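[1] Could you work out the structure for the sequence below:
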Amino acid sequence: MRRPLVIGLILALAASAAWAQQIYRWVDDKGRVHVTDTPPPPSAKGVQKSAPPAASAAEAAVTPFPLAQAVKDFPVSLYTSPLCKDPCAQARDALNRRAVPFKEIQVWDEQTNEDLKKVSGSNEVPVLVVGRSVQKGYEQGAYDALLDSARYPRAGLLPPRAQKAPAPPEGFTPPQAEPVKPEPEEKASGPYAPGAPSQRSTKK
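    Numbering: from 1, shown residues only. Sure thing, here's the model as predicted:
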């Protein structure tokens, strides 16, 4: 039971090491341009080397087997809202740290609210769906438990993703805050209040 897991971790670490390699760009003696991940020969001209950004290299590289298998068996969806700030951002960051590919679904109108209710039974966000498991609200321990059970690689084994919040849907209009109305001033009452008729003494 442990052998496939060990092999998967080795493949993941090997992929991470490959992403960290230098990239060389050089020109041979016939004027042809080469881009390789191994040092060029001594006769190479115009040698340039650089380390590819983690995000772009991760997209270009072949997905490690453990991650590809988890995505196939337990696809991940994250329900958010254009009005949800900190909790949804924390949920998104938690998935990015573990390099989890996910589909983000914005809840913003009557139809998307109904879709969310069918999934979670409420219209609160964020909601994380891993395969058939549903987690309402953001809680780091619960997120890790779901992803661990689905055999997603732990944080640090793969370069993190940088998936950002999607743009607000077309037609979405943030609710406008109503202006605060000043409270009416309480007017003093009584014979000595400003504007009250003056009291005159009468003689009999």
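[2] tell me the secondary structure for residue 104?
    Put simply, residue 104 is strand when judged by DSSP: H, G, I helix; E, B strand; the rest coil.
[3] That one contacts residue 80, correct?
    Yes. Using C-beta atoms under 8 Å, residue 104 makes contact with residue 80 at a distance of 6.0 Å. Quick note: C-beta positions are derived from backbone N, CA and C, even for glycine.
[4] neighbour-wise, which of these two wins?
    The residue with more neighbours, out of residue 104 and residue 80, is residue 80; 22 against 18, by other C-beta atoms under 10 Å.
[5] Touching both of residue 104 and residue 80, which residues are there?
    Taking C-beta atoms under 8 Å, 6 or more residues apart in numbering as the contact rule, residue 104 and residue 80 both touch 92, 165.
[6] Could you pull out the strands in the protein for me?
    Assigned by DSSP state E, the chain shows strands spanning 23-27, 33-36, 45-50, 76-80, 103-106, 127-130, 133-136.
[7] so where's this structure uncertain?
    By pLDDT under 70, the low-scoring segments of the chain are 1-26, 33-37, 50-62, 177-181, 184-204.
[8] Going by residue numbers, what spans are helices in this structure?
    Ranges of helices in the chain, per DSSP state H, are 2-19, 54-60, 65-73, 86-97, 110-120, 140-149.
[9] Quick check: buried residues in the fifth one?
    Put plainly, it is helix 110-120. 112, 116, 120 (16 or more other C-beta atoms under 10 Å).
[10] ditto for the third one
    By neighbour count, with 16+ other C-beta under 10 Å as the criterion, the buried positions of helix 65-73 are 66-67, 69-71.
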